[in-house]
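Novice: give me a 3D structure for the following:
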Amino acid sequence: MKLKLVVASMSALAIVSCPVLAAHHAKSKHHHKMMKHTVHHEVVTQDYKDMGVMKDEAVCSISQNTMLMTEMNQNVGRSVPNPCMSADWFKRIQVAGGMNIDGGKWGNRNMGYQGENYRRIGLNDVYLNVAADVNEWTKAFVSVSFGTPTTLADNNGLGYGRTVDAGEYSAAYSNNIQSSISNRVEMEQAYITISNFDVSPFFVQLGKSFQDFGRYEIHPVTRSMTQVMSETLNTSAKLGFIIPMGLHGDVYVFDNASGKVGQASPTTNYGVSLGYDQVNDQLGFDLGVGYLYNLYGVNDIAYSVNNFTNNGNYNNRVGGLALYADVNSGPFTVSGRYTTALQRFNILDLPRYAHGTTTSTTGAKPWTAGIKAGYSFNDMFGMGYSRKQNVFVGYEASGEAAGLNLPNSRWSVGYNVDVLKNTNLGIQWDHDIAYSTAKGGTGSNSNLVSLRAAVQFG
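Specialist: Down below sits the predicted model:
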């Protein structure tokens, strides 16, 4: 009987058990947000006087001061670290990250191509990824990133008289279509996924993420030309499916960062993709196609159009198509990429011969394509150096893409090696062939040699 009085007193005094501060508590005149309070007990002995002698288990409580401080900081209803958190919370959290440091940069560092980093040495990307298994249906992912690759400020006045419309390494990193010149810590991705593939092949994803339009590597040494035309980082709502046999697809919707001329509110964009993957070390492959309703959703394209219009708005929508294919057999890999506009741009947004000596009479209809072959090995020529290594060679081409600050074609060769566990060193050579001056280029060839040191953890 005494225990019942104690429990009642604890409830009256609002001694709160975990979890802390749900959003639906009613306020009392003392401004206490009340939590459901539960005390577990077990009967040890029983007699005719006490009708049972009970043994209390440990009860977790949150102090009144902590509750009031949470209210004063406007954190009521949010997940707040507290002494009542489950002791195994960390089992549902996974943390990983890495760092990519690019240096060297010998050769032509004044071409102003979109996707190339001309910093002599800099942090291409320092990132921290956090994933959480909220429950069997809900998962969360957050990626925080910081980098100091080439921005517009580094390229101003470079090349052949360009002052405000040179390219930069990436406009997607900070949704930089307005040609911001700053590097900063960025919440690069943050989304939740609702799915349980043991029950259903469908999933819903909400938040900021790279959209399923094309295939590419995030923060490579040099971003491919197809990546420049397809990398789409936006806050979206996505509905998709993954079937165990390898078939997958999704449809997504988001607001463009750039607006349409004469329209006050942001324009809504959407895309759809379909792919088929067969994962196998001996012989694996994937095929996929993606459609984007409006290519102004691609961050680098919106950036380039802003360089022409200087107001971040566009005149007419242009659809886009992206194709990809990969095949691997043992140590060999081959990949192909293709991205194209499906209509011509408005001449006021992206002229066909941007910067060129030939006057444009129509808008551009840019396309890009690339093929890359790689070979992985642990020991070359029996030299006894047992480390995972990779060599690759690639070729890319484009058409009517001078206005996107891309070369007409590019050859790439690279090598990287895991010198230590989770520590990789690499070198890459890019040979760029510009468009002719009549078509908006410099008409000259250029070379860029880059070094990369990369570490990963988690």
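
Novice: make it CA atoms for all contacts and neighbour counts henceforth
Specialist: Noted.

Novice: quick check: next helix or strand after the biggest strand by length in the chain?
Specialist: Assignment by DSSP state E gives strand 93-107 as the longest strand of the chain. Downstream of strand 93-107, the next assigned helix or strand under DSSP states H and E is strand 121-133.

Novice: partners of that following strand in the sheet?
Specialist: Applying DSSP bridges, strand 121-133 is found paired with strand 93-107 (antiparallel), strand 138-146 (antiparallel).

Novice: dump these to a markdown table, plus distance to Ala369, mean neighbour count and mean pLDDT.
Specialist: As requested, the strands paired with strand 121-133 are exported to a markdown table (distance: least, C-alpha to C-alpha, whole Å; neighbours: other C-alpha atoms under 10 Å; pLDDT from 0 to 100):
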| stretch | distance to Ala369 | mean neighbour count | mean pLDDT |
| --- | --- | --- | --- |
| strand 93-107 | 24 | 17 | 92 |
| strand 138-146 | 29 | 19 | 94 |
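
Novice: out of the ones you listed, the one nearest Pro331 is which?
Specialist: Closest to Pro331 of the strands paired with strand 121-133, according to C-alpha to C-alpha: strand 93-107, at 24.6 Å.

Novice: how about stretch 94-101 as CSV, C-alpha atoms only?
Specialist: Provided in CSV are the C-alpha atoms of stretch 94-101 (Å, rounded to 0.1, in the frame of the first residue of the first chain):
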residue,chain,number,x,y,z
GLN,A,94,25.5,4.0,-38.2
VAL,A,95,28.1,6.6,-38.8
ALA,A,96,30.6,6.8,-41.7
GLY,A,97,32.6,9.4,-43.5
GLY,A,98,35.6,10.4,-45.5
MET,A,99,37.8,13.0,-46.9
ASN,A,100,39.0,13.7,-50.5
ILE,A,101,42.0,16.0,-50.9
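
Novice: pull the distance from it to the chain's centre.
Specialist: The chain centroid and the centroid of stretch 94-101 are separated by 13 Å, computed with C-alpha atoms, centre = their mean, to the nearest Å.

Novice: any regions of this structure where pLDDT drops low?
Specialist: Along the chain, the parts satisfying pLDDT under 70 run over 1-58, 153-165, 173-183, 310, 380-385.

Novice: outline the domain layout of it.
Specialist: 2-72, 95-457 (automatic domain parsing).

Novice: endpoints of the last one, how far apart?
Specialist: Okay, so that is domain 95-457. 9 Å (C-alpha to C-alpha, to the nearest Å).

Novice: follow-up on the earlier one: quick check: which of the strands paired with strand 121-133 is nearest to Val327?
Specialist: Closest of these to Val327 is strand 93-107, at 26.6 Å (criterion: C-alpha to C-alpha).

Novice: ok, and what's touching that closest one?
Specialist: 118-133, 221, 446-458 (C-alpha atoms under 8 Å, 6 or more residues apart in numbering).

Novice: check the gap between Gly207 and Asp418 for me.
Specialist: Gly207 sits at a distance of 34 Å from Asp418 (criterion: C-alpha to C-alpha).

Novice: what's around the closest residue to Asn234 other than its chain neighbours, how many residues?
Specialist: Counting by C-alpha to C-alpha, 6 or more residues apart in numbering, Asn234 lies nearest to Lys208, which is 5.4 Å off, once chain neighbours are set aside. Counted with other C-alpha atoms under 10 Å, the neighbours of Lys208 add up to 21.

Novice: who does Lys208 bridge with?
Specialist: Assigned bridge partners for Lys208, using DSSP bridges, are Ala190, Thr235.

Novice: including distance to Tyr314, could the strands paired with strand 121-133 go into JSON lines?
Specialist: Below are the strands paired with strand 121-133 laid out as JSON lines (distance: least, C-alpha to C-alpha, whole Å):
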{"stretch": "strand 93-107", "distance to Tyr314": "34"}
{"stretch": "strand 138-146", "distance to Tyr314": "29"}
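
Novice: so which of these is nearest Ser398?
Specialist: strand 93-107 (22.2 Å).

Novice: Glu71 belongs to a helix?
Specialist: Yes. Membership of Glu71 in a helix is supported by DSSP: H, G, I helix; E, B strand; the rest coil.

Novice: gap between it and Arg78?
Specialist: 11 Å.

Novice: who's more crowded, those two?
Specialist: Glu71 (16 against 12).

Novice: got the contact list for the residue nearest to Asn234?
Specialist: With contact taken as C-alpha under 8 Å, 6+ apart, Lys208 is in contact with Glu188, Gln189, Ala190, Tyr191, Leu233, Asn234, Thr235, Ser236.

Novice: show me which of those are buried.
Specialist: Glu188, Gln189, Ala190, Tyr191, Leu233, Asn234, Thr235, Ser236 (16 or more other C-alpha atoms under 10 Å).

Novice: in JSON lines: these, plus distance to Tyr270.
Specialist: What follows is the buried ones among the contacts of Lys208, written out as JSON lines (distance: C-alpha to C-alpha, whole Å):
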{"residue": "Glu188", "distance to Tyr270": "20"}
{"residue": "Gln189", "distance to Tyr270": "18"}
{"residue": "Ala190", "distance to Tyr270": "19"}
{"residue": "Tyr191", "distance to Tyr270": "17"}
{"residue": "Leu233", "distance to Tyr270": "13"}
{"residue": "Asn234", "distance to Tyr270": "11"}
{"residue": "Thr235", "distance to Tyr270": "12"}
{"residue": "Ser236", "distance to Tyr270": "9"}
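
Novice: the stretch 251-400 of the chain: strands as residue ranges?
Specialist: Taking DSSP state E, counting those that start in this stretch as the criterion, the stretch 251-400 of the chain contains strands spanning 268-278, 284-292, 320-329, 332-341, 367-377, 389-399.

Novice: and those: which comes nearest Asp250?
Specialist: strand 268-278 (5.5 Å).

Novice: what are the pairing partners of that closest one, and which direction each?
Specialist: strand 247-255 (antiparallel), strand 284-292 (antiparallel).

Novice: buried sites along the first one?
Specialist: Looking back up the chat, that one is strand 247-255. Applying 16+ other C-alpha under 10 Å to strand 247-255 flags Leu247, His248, Gly249, Asp250, Val251, Tyr252, Val253, Phe254, Asp255 as buried.

Novice: show me the contacts for the residue nearest to the second one when sequence neighbours are not counted.
Specialist: In other words, His248. Leaving aside its sequence neighbours, His248 sits nearest to Ile242 (C-alpha to C-alpha, 6+ apart; 4.4 Å). For Ile242, the contacting residues are Pro201, Phe202, His248, Gly249, by C-alpha under 8 Å, 6+ apart.
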